[in-house]
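1. Provided below for reference: sequence and predicted model.
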Amino acid sequence: MTSPTLREKKYNLIQSERNAKGRVQKCKIDEKVVILKEISVGSEKEKLFAERAYRIMRKKLPNIVRAHGSTFDNERSVLTFSMKYYEGGNFKDYVTKELGFRHFITIFRDLVKGIYFY
């Protein structure tokens, strides 16, 4: 017996937010709180970028939140992947509201280190 795919799993929506490229949903799946991130990929170049980002997120890297699974909706051209939920809001809000410029540069440098290998 195979385990259900991300698309087949039942989830309870807790919170949903739209942004320029898609939607972010905080959900409960299998008694765990996760984030479902939808990214609209209109062009082949955007699709390749999203797939590459997902491959990076599947690896165990110290500065990148790991993705658990993904699915692609061909009809809507949307890539959806799930990742662990962390308290404290999203990175954009954290950077714009909480950090000073020097601290932001330190975090940005760590993010670049996290994806540099690829």
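-> Received the coordinates, thanks.
2. Find the residue ranges of this protein scoring beneath the pLDDT cut-off.
-> Residues of the chain that meet the criterion pLDDT under 70 lie in 1-9, 63, 89-92, 94-95, 115-118.
3. State the distance from the residue nearest the centre of the chain to residue 99.
-> Note on the chain: the residue nearest the mean C-alpha position is residue 37, at 4.9 Å, using Cα atoms, centre = their mean. Remark: distance between residue 37 and residue 99 (Cβ to Cβ, to the nearest Å) = 22 Å. Just so you know, the C-beta spots here come from the backbone N, C-alpha and C atoms, and that holds for glycine as well.
4. what's the answer for residue 69, then?
-> Plainly put, residue 69 is 31 Å away from residue 99 if you go by Cβ to Cβ.
5. of those two, who's got more company?
-> In this view residue 69 and residue 99 are compared by other Cβ atoms under 10 Å, and residue 69 has more residues nearby, 19 against 14.
6. now the strands for this structure?
-> Taking DSSP state E, the strands of the chain run over residues 11-19, 22-29, 32-40, 67-73, 78-84.
7. Give the buried residues for stretch 21-29.
-> 22, 24-25, 27, 29 (16 or more other Cβ atoms under 10 Å).
8. Out of those residues, the closest to residue 103 would be?
-> Comparing those against residue 103 with Cβ to Cβ places residue 24 closest, at 23.7 Å.
9. bridging residues for the closest one?
-> Beta-bridge pairing of residue 24 under DSSP bridges involves residue 17, residue 37.
10. what sits against the closest residue to residue 73 other than its chain neighbours?
-> Of all residues beyond its chain neighbours, the one nearest residue 73 is residue 80 (7.1 Å), with distances taken as Cβ to Cβ, 6 or more residues apart in numbering. When contacts are counted by Cβ atoms under 8 Å, 6 or more residues apart in numbering, residue 80 touches 6-7, 36-39, 70-73.
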